[in-house]
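> Output the structure for:
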Amino acid sequence: MSTTEILKEAYTLIDNKISQSTFIDISETIIDSLIKKFGKGTVSRYAGSDDTSEINNVLTHVIEVGSLKAMKDAGLIINTNTLTDRCIATAFIMNHSLAQVLKQKGAFNYSRDGYFTFDGVQILAGRIHELCGIHLSYNNLPQHVKNDTFTVDELFTFYLGDYYVKKNIPPFSIVCKPSVETINYGSIASEKNLADAMKSWENCLFDISNSQLRVSHNGEIIFESPLELIEADEIYETFLGNINSFQKFRFLKSGNTASLIMNAVHKKHQFTIASVLPHGFAITYTY
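You can find the predicted model right below:
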């Protein structure tokens, strides 16, 4: 089976209750924090290697504890004969998401699709299953045992809280009929039709805010998606949107400082709609 086929099967095993954006959000937020602390070169050196480092330790916990937190928040930790499969599926998706985000940021020096090999994923899935058991039995533990036992949320905060720092931006609204400035189809053949469809939105009415993107043509909504902020600095703000249950896209716009500069020099504003995958498509619009 291809990685794409395995991912579809994995999402089926978790009943599609954890969105792709959740996996990407956890991975990207923590990777961004690691790069900010250590620098991209250092993260690239240690990510996925056999060397002992804080970077590898944190990224391993993204798969183990991040998966556990995602399962708990989605209500997937229940006594059922499918719990083991759910742990493996969640760990596999998080392992894949982590590697893909690292590759997007130029911080992963390996050709494999996942951060760890499947054998490594199975080991981590076993640990996740053990932690699920602790979560299920927590309320029945004696108080003195509870005092020395982390809840799922406490585990996440303890191992990843210093790196999982969410960013906020002021509310914004973009209402425009943009033109296509540039289009890069990338090298993923399966995305070409999607890129062509989005290119055809040129001169349609875009209504964009912090939480949604809507495209209308002649008064009829032809595309609509929620947006979720995943990264922000003074130059760019990046959001995740939904194409369908399995496929996401990135929406990028100028940050506050960049917008002020563009206004000062009377330069047209831009935004970009792009694939979440390395070497995927990217369409830049101006308005």
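> only C-alpha atoms for contact and neighbour calcs from this point on.
Noted.
> is it true that Ser97 lies in a strand?
No. Judged by DSSP: H, G, I helix; E, B strand; the rest coil, Ser97 forms no part of a strand; its state is helix.
> And the pLDDT for it?
We note a pLDDT of 97 for Ser97 in this prediction.
> Report how many residues lie close to it.
26 (other CA atoms under 10 Å).
> just Gln212 next, same as before
16.
> So which residues of this protein form strands?
Using DSSP state E, the strands of the chain run over residues 173-176, 179-184, 205-209, 212-217, 220-232, 236-242, 248-254, 270-275, 282-286.
> Include distance to Lys105 when you put those into JSON lines, please.
Below are the strands of the chain laid out as JSON lines (distance: least, CA to CA, whole Å):
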{"stretch": "strand 173-176", "distance to Lys105": "27"}
{"stretch": "strand 179-184", "distance to Lys105": "18"}
{"stretch": "strand 205-209", "distance to Lys105": "26"}
{"stretch": "strand 212-217", "distance to Lys105": "25"}
{"stretch": "strand 220-232", "distance to Lys105": "12"}
{"stretch": "strand 236-242", "distance to Lys105": "13"}
{"stretch": "strand 248-254", "distance to Lys105": "14"}
{"stretch": "strand 270-275", "distance to Lys105": "14"}
{"stretch": "strand 282-286", "distance to Lys105": "16"}
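> of all those, which lies closest to Val121?
strand 248-254 (23.6 Å; CA to CA).
> Listing partners with orientation, what would you give for that closest one?
Partners of strand 248-254 in the sheet, by DSSP bridges, are strand 236-242 (antiparallel), strand 270-275 (antiparallel).
> Just the helices from this protein, written as ranges.
Per DSSP state H, the chain carries helices over the ranges 3-13, 20-38, 40-46, 54-73, 83-104, 118-137, 143-146, 152-160, 192-199, 256-264.
> Point out the one among these that comes closest to Ser245.
helix 20-38 (8.2 Å).
> ok and the closest one relative to helix 152-160, angle-wise?
30 degrees (axes from the mean of the first three to the mean of the last three CA atoms, to 10 degrees).
> pLDDT averaged over helix 20-38 - what is it?
On average, helix 20-38 scores 92.
> in that helix, what counts as buried?
The neighbour-count check on helix 20-38 (16 or more other CA atoms under 10 Å) flags 20-35 as buried.
> Nearest to Val180 among those residues?
Taking the buried residues of helix 20-38 together and measuring to Val180 by CA to CA, the closest member is Ser21, at 26.2 Å.
> and that closest one, how far is that from Ala10?
Shown here: Ser21 relative to Ala10, a distance of 15 Å by CA to CA, to the nearest Å.
> same thing with Phe156?
Taking CA to CA, one finds Phe156 at 23 Å from Ala10.
> before we move on, back to that, packed most tightly, which of the helices of the chain would that be?
Greatest average neighbour count among those goes to helix 83-104 (a mean of 24), per mean count of other CA atoms under 10 Å.
> Just the CA atoms of that one, as CSV, please.
The C-alpha trace of helix 83-104 is given here as CSV (Å, rounded to 0.1, in the frame of the first residue of the first chain):
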residue,chain,number,x,y,z
LEU,A,83,-8.3,0.9,20.8
THR,A,84,-5.0,-0.7,19.8
ASP,A,85,-5.7,0.0,16.1
ARG,A,86,-6.6,3.6,17.0
CYS,A,87,-3.3,4.1,18.8
ILE,A,88,-1.4,2.8,15.8
ALA,A,89,-3.4,4.8,13.3
THR,A,90,-3.0,8.1,15.3
ALA,A,91,0.7,7.5,15.8
PHE,A,92,1.2,6.8,12.1
ILE,A,93,-0.6,10.0,11.0
MET,A,94,1.3,12.1,13.6
ASN,A,95,4.6,10.5,12.5
HIS,A,96,3.8,11.4,8.9
SER,A,97,2.7,14.9,9.7
LEU,A,98,5.8,15.6,11.7
ALA,A,99,8.1,14.6,8.9
GLN,A,100,6.1,16.5,6.2
VAL,A,101,6.2,19.7,8.3
LEU,A,102,9.9,19.3,8.9
LYS,A,103,10.5,18.9,5.2
GLN,A,104,8.4,22.0,4.4
